[in-house]
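Novice: sharing a sequence plus its predicted fold:
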Amino acid sequence: MPLAPTHLICGSLSVSLLLQTANPIVITVGAIASLLPDIDSSQSWSGRMLSPVSYFLERRLPHRSCTHSVLASLIVACITYPMVLLHILPISIAHSIVIGYSSGWFVDLFSKQGVQATFPSRIRWVVPANRDLRLATGSTAEYSLLTVLIAITLIVFYINSSGGIMTHVNEALGTSDGIVDLVRDNGAENQILISVEGVKTNDNGRVKAEYELIENQNKSFIVRSSSGVLQKLCSDSTLSLGCTITAERMVGRLGKKSVTEVQDILLSDDPIGEKLNNVKANHQDAQIYLSGKVQVDDSKDLAISPHTGGLVTLKKSGSDIEFEDCPISEAINVIGDEYGTGSVNIRIITLKGS
């Protein structure tokens, strides 16, 4: 049989490749699961660790028969996935066990004896058909293959630890899909920085700069420049109303660790400034942005400064004041003395260590 290290590497590689993960726990579980098919031999690693089970199977079944089959993989899946429904195992661990186990017997297809992959049929499946080209345990060919597999595994680990294959593809293409994937996978705990090459929609001026992501709006993005100016970033294919920059290319990367908190404030003829100042006082080191609509008693004298070259974050329409990712300080300056009715969504972004 192939050496235990060959099984371990194949199990690790299969799990990392198919799940696009570099999580050491998930990969380790898959690697250990890849050794389990050989439990039908008391001389194997898993056979020695689980000797009562191994002796029972060894007396009743030929080596590489039932435990090295599609049926065995289905049985493992039927045991494992119900544990996910019962909240005993995370889904990633269940996937890892099934993938690792299946890869464990699949690699034995390339050994000299092959496996009974379609058990209970006695047909042995073996690759390649030429017996002289099959792997012999401990042979130079197996060690050479093991070396190649280790190299491939390290490459896959590196790719997955930096976002996965599709992240690298999207990064090379500079598409919004790459940003969406990065936000989905890492946005809950990390600041996302976006390097942009594109055109300003107001004057067609060229843009080449890096922005901090404030909010993902279904492939358009509210971003903040280093000077604090907010922009709405869209690609040609996702161009929507209110975009201030049309991106020809955008590439995301992870910044500092961060925490994003979302709150809703309901106002019923309440003092707006008091409510907002309480939020600001409780999050002094955070960036705070408002979205929503508030109706104020008297909007005639409200002075809203024009936004030149940036996102219009605060609009007045009659007695209604509309916010779109409006910085809290700007909102307080404009309507802090007013009483209002409505709903405001508050996004609070705190960078760890800042």
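Specialist: Done, it's in.

Novice: now residue 123: how far from residue 38?
Specialist: 20 Å (Cβ to Cβ, to the nearest Å). C-beta coordinates here come from the backbone N, C-alpha and C atoms, glycine included.

Novice: mind checking which of the two has more residues around it?
Specialist: Using other Cβ atoms under 10 Å as the criterion, residue 123 and residue 38 rank with residue 38 on top: 25 against 10.

Novice: all helices of the protein, in order?
Specialist: Under the criterion DSSP state H, the chain carries helices at the ranges 4-19, 24-33, 45-49, 51-60, 70-85, 91-106, 140-161, 165-173, 176-186, 272-282, 328-335.

Novice: chain center to the shortest one: distance?
Specialist: Looking back up the chat, that one is helix 45-49. 35 Å (Cα atoms, centre = their mean, to the nearest Å).

Novice: and that helix, what does it pack against?
Specialist: When contacts are defined as 3 or more Cβ pairs under 8 Å, 6 or more residues apart in numbering; DSSP states H and E, helix 45-49 packs onto helix 51-60.

Novice: okay, the helix it packs on in CSV with CA atoms only?
Specialist: C-alpha atoms of helix 51-60 as CSV (Å, rounded to 0.1, in the frame of the first residue of the first chain):
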residue,chain,number,x,y,z
SER,A,51,-7.1,-2.5,16.5
PRO,A,52,-10.5,-4.0,17.6
VAL,A,53,-12.3,-2.6,14.6
SER,A,54,-9.3,-3.6,12.3
TYR,A,55,-9.2,-7.2,13.5
PHE,A,56,-12.9,-7.5,13.0
LEU,A,57,-12.7,-6.3,9.4
GLU,A,58,-9.5,-8.1,8.6
ARG,A,59,-11.0,-11.5,9.4
ARG,A,60,-14.1,-10.9,7.3
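
Novice: now do it: which elements does it pack against?
Specialist: helix 45-49.

Novice: can you point out the buried residues in the helix it packs on?
Specialist: Within helix 45-49, the residues that count as buried by 16 or more other Cβ atoms under 10 Å are 45-47.

Novice: low-confidence ranges in the stretch 251-354 of the chain?
Specialist: 306-308, 353-354 (pLDDT under 70).

Novice: so where do the strands sit in it?
Specialist: 287-296, 314-317, 320-327, 339-351 (DSSP state E, counting those that start in this stretch).

Novice: of the ones you listed, which is nearest residue 250?
Specialist: Nearest to residue 250 among these is strand 320-327 (18.1 Å), distances taken as Cβ to Cβ.

Novice: ok, of the buried residues of helix 45-49, which one's closest to residue 143?
Specialist: residue 45 (18.0 Å).

Novice: how close does that closest one sit to residue 39?
Specialist: For residue 45 relative to residue 39 (Cβ to Cβ), the value is 9 Å.

Novice: any chance of the buried residues of helix 45-49 in a markdown table, plus pLDDT and distance to residue 254?
Specialist: Shown next, in a markdown table, are the buried residues of helix 45-49 (pLDDT from 0 to 100; distance: Cβ to Cβ, whole Å):
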| residue | pLDDT | distance to residue 254 |
| --- | --- | --- |
| 45 | 88 | 38 |
| 46 | 89 | 39 |
| 47 | 86 | 44 |
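
Novice: before we move on, the earlier item: per-stretch mean pLDDT over the helices of the chain, give me the minimum one.
Specialist: Note on the helices of the chain: helix 165-173 shows the lowest mean pLDDT, a mean of 68.

Novice: out of the strands of the stretch 251-354 of the chain, nearest to residue 248?
Specialist: Per Cβ to Cβ, nearest to residue 248 of these: strand 320-327, 23.2 Å.

Novice: I'd like to know which elements that closest one is packed against.
Specialist: strand 287-296, strand 314-317, helix 328-335, strand 339-351.

Novice: quick one, which of these is nearest to residue 244?
Specialist: Here strand 314-317 is closest among those (Cβ to Cβ), at 14.4 Å.

Novice: packing partners of the closest one?
Specialist: With 3+ Cβ pairs under 8 Å, 6+ apart as the test, strand 314-317 has strand 320-327, helix 328-335 packed against it.

Novice: what residues are up against residue 348?
Specialist: 260-263, 279, 283, 286-288 (Cβ atoms under 8 Å, 6 or more residues apart in numbering).
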